[in-house]
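K.L.:
quick one, structure for this:
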Amino acid sequence: MAYQLFIIPSATPGCSIYVVIDGGAPKMRVGLTPDAPRLLSCRAVFQTQALSASSHGEGQSILLVGEADFSFSMCVAKSLGQGQNITATSLNTKDEWEKMFSKAKPNIQVLKRLTATVIPRVDATKMAQHPGFKAPNVNATKPTLLKFQRIVFNFPHAGFVKGSNEADEDMISRHQELVSGFLKNAYEMLTEDGEVHVRHHSAEPFKRWKVVDLAKKVGLHFREQKPFNLAAYPHYTPKKGAGNDPDGPLTLHKPSLFRFDQLDQA
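P.N.:
Numbering: from 1, shown residues only. Below you'll find the model as predicted:
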């Protein structure tokens, strides 16, 4: 059943009453803060647009890759009301992200309070080999690779090279290498009914990365591309992540959500 959300205005300032129907009995809840409607928006969009176009259950396993200040992970966990099935990763170490991003520490504290898993030093191009994603298997000689129903990478970027700009072919090749490596690993870590989500700029020169072509080369099936609405994700601020100002806000250029799966539905 499709996720449905109904918001009922309340006479009490700063309070919203909302009914959620997500495949089970209707649930009435009350939002008591000014953020309540925005959190609901985040929840609704994440469950219907970002996670699935048809239906989604809160029990889905979610892997978030390449987090900067963990604001996206925090937004998702808060909107779902729990983080038990969320694994958030970063290429940086704990010391690095606390120095680079002013809100990383408090965001991670929220994630841990909601029982999400946070793993540092995860290279998106080699994550299938990371020990944090290996589970012991008593019936096999090798550990079992953990798999996820949603694998998300927001605005991948291979870093800045002094003297280069985003339109240079060598920079585009660097970015393509990163995205291709991520998609190859994501394919290995995806459940049969899972999806890979990449948020990326669709304007020039970023569209020259040809994300859809890269996905097809590793065996993923392209499902759709749709505009990404940043306003629907309260407290999520895309970051530059590198350079002289890693904590600075990332300028978005016609951002889109790209959805891929392993199923040939053409």
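K.L.:
list the contacts for Lys105?
P.N.:
When contacts are counted by C-beta atoms under 8 Å, 6 or more residues apart in numbering, Lys105 touches Glu98. Every residue, glycine included, has its C-beta placed from N, CA and C.
K.L.:
now it: which helix or strand?
P.N.:
According to DSSP states H and E, Lys105 maps onto helix 104-113.
K.L.:
and the next element down the chain from that helix?
P.N.:
The helix or strand immediately downstream of helix 104-113 is strand 117-119, counting by DSSP H and E.
K.L.:
contacts for the following helix or strand past that next one next, please.
P.N.:
Using DSSP H and E, the helix or strand that directly follows strand 117-119 along the chain is strand 134-135. The contact list for strand 134-135 (C-beta under 8 Å, 6+ apart) reads Pro143, Thr144, Leu145, Leu146.
K.L.:
one more pass at 6 Å, please.
P.N.:
Pro143, Thr144, Leu146 (C-beta atoms under 6 Å, 6 or more residues apart in numbering).
K.L.:
hang on, the earlier thing: for the record, mean pLDDT for the helix holding Lys105?
P.N.:
Across helix 104-113, pLDDT averages out at 97.
K.L.:
in that helix, what counts as buried?
P.N.:
Ala104, Asn107, Ile108, Val110, Leu111 (16 or more other C-beta atoms under 10 Å).
K.L.:
would you confirm that the fourth one contacts Ser73?
P.N.:
Read that as Val110. No. Assessed by C-beta atoms under 6 Å, Val110 is found out of contact with Ser73, at 8.9 Å.
K.L.:
mind showing which ranges of the stretch 101-250 of the chain have poor pLDDT?
P.N.:
138, 140 (pLDDT under 70).
K.L.:
can you show me the strands along it?
P.N.:
Under the criterion DSSP state E, counting those that start in this stretch, the stretch 101-250 of the chain contains strands at 117-119, 134-135, 144-145, 148-154, 190-201, 221-227.
K.L.:
direction included, what does the last one pair up with?
P.N.:
With DSSP bridges as the test, strand 221-227 is paired with strand 255-261 (antiparallel).
K.L.:
ok now the strand it pairs with, how far from the chain's centre?
P.N.:
Averaging C-alpha positions (C-alpha atoms, centre = their mean, to the nearest Å) puts strand 255-261 11 Å from its chain's average.
K.L.:
got the contact list for it?
P.N.:
So strand 255-261 is in contact with 195-199, 201-202, 211, 215, 220-228, going by C-beta under 6 Å, 6+ apart.
K.L.:
try 8 Å this time
P.N.:
So strand 255-261 is contacted by 49-50, 53, 155, 183, 190, 193-202, 211-212, 215, 220-228, 230 (C-beta under 8 Å, 6+ apart).
K.L.:
which of those residues count as buried?
P.N.:
Neighbour-count burial (16+ other C-beta under 10 Å) applied to the contacts of strand 255-261 gives 49-50, 155, 183, 190, 194-202, 211, 215, 220-223, 228.
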